[in-house]
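**Q** Sequence plus the predicted model coming up.
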Amino acid sequence: MRIALHEPDQAGNVGTILRLAACLGVPVDIIEPCGFPWSDRALKRAGMDYAEIAHVTRYESWAAFEARLSGRLVLLTTKAALPLPSAIFQPDDTLLMGSESRGAPEGVHARADMRVRIPQAAGTRSLNLAVAAGIGIAEALRQTGLWPG
């Protein structure tokens, strides 16, 4: 199980996701370019010392990431028809999140093996990226029995 971030915009969200991933023992793939310098203070502040122990792989492009992808690609997106409670996860899934400002491009949507949305109350647009990553990975780990410890 992995978390992947496609061209993330906000260092604080990435730092929070790195902390989440470190605590859950889940590797993180960062597909660049990022909308901030990797050394950004907000990244360090949100990730705290957990960012240093997170297992992170950075890819220079979508093509580089896709070439190394194993298992299914599961895109968490507000545009999906499949609600999270109906999704069936597998241990080798990579849960992909689009950027905060643009989401994932159409080519990424087309490449995804499964597209999943987190149900929300009427009148709301989207969750914060780090919150959505936490909800998605928690359900995937629950289903597959991969919770740490």
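**A** Good, I have the coordinates. Residues are numbered from 1 along each chain as shown.
**Q** for the longest helix seen in the chain, which positions count as buried?
**A** Longest helix in the chain, counting residues (DSSP state H): helix 129-144. Going by neighbour count (16 or more other CB atoms under 10 Å), the buried part of helix 129-144 is 129-130, 132-134, 136-137, 139-141. Where C-beta positions appear, they are placed from N, C-alpha and C, glycine not excepted.
**Q** okay if I get these as CSV plus pLDDT?
**A** Shown next, in CSV, are the buried residues of helix 129-144 (pLDDT from 0 to 100):
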residue, pLDDT
L129, 96
A130, 97
A132, 98
A133, 98
G134, 98
G136, 98
I137, 98
E139, 98
A140, 98
L141, 98
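**Q** Was I right to think F36 contacts G15?
**A** No - in this structure F36 lies outside contact range of G15 using CB atoms under 8 Å: 10.2 Å.
**Q** So these two - more neighbours on which side?
**A** G15 (23 against 17; other CB atoms under 10 Å).
**Q** so that one sits in a helix?
**A** Yes - assessed by DSSP: H, G, I helix; E, B strand; the rest coil, G15 belongs to a helix.
**Q** could you check the distance from it over to P91?
**A** From G15 across to P91, the span is 26 Å (CB to CB, to the nearest Å).
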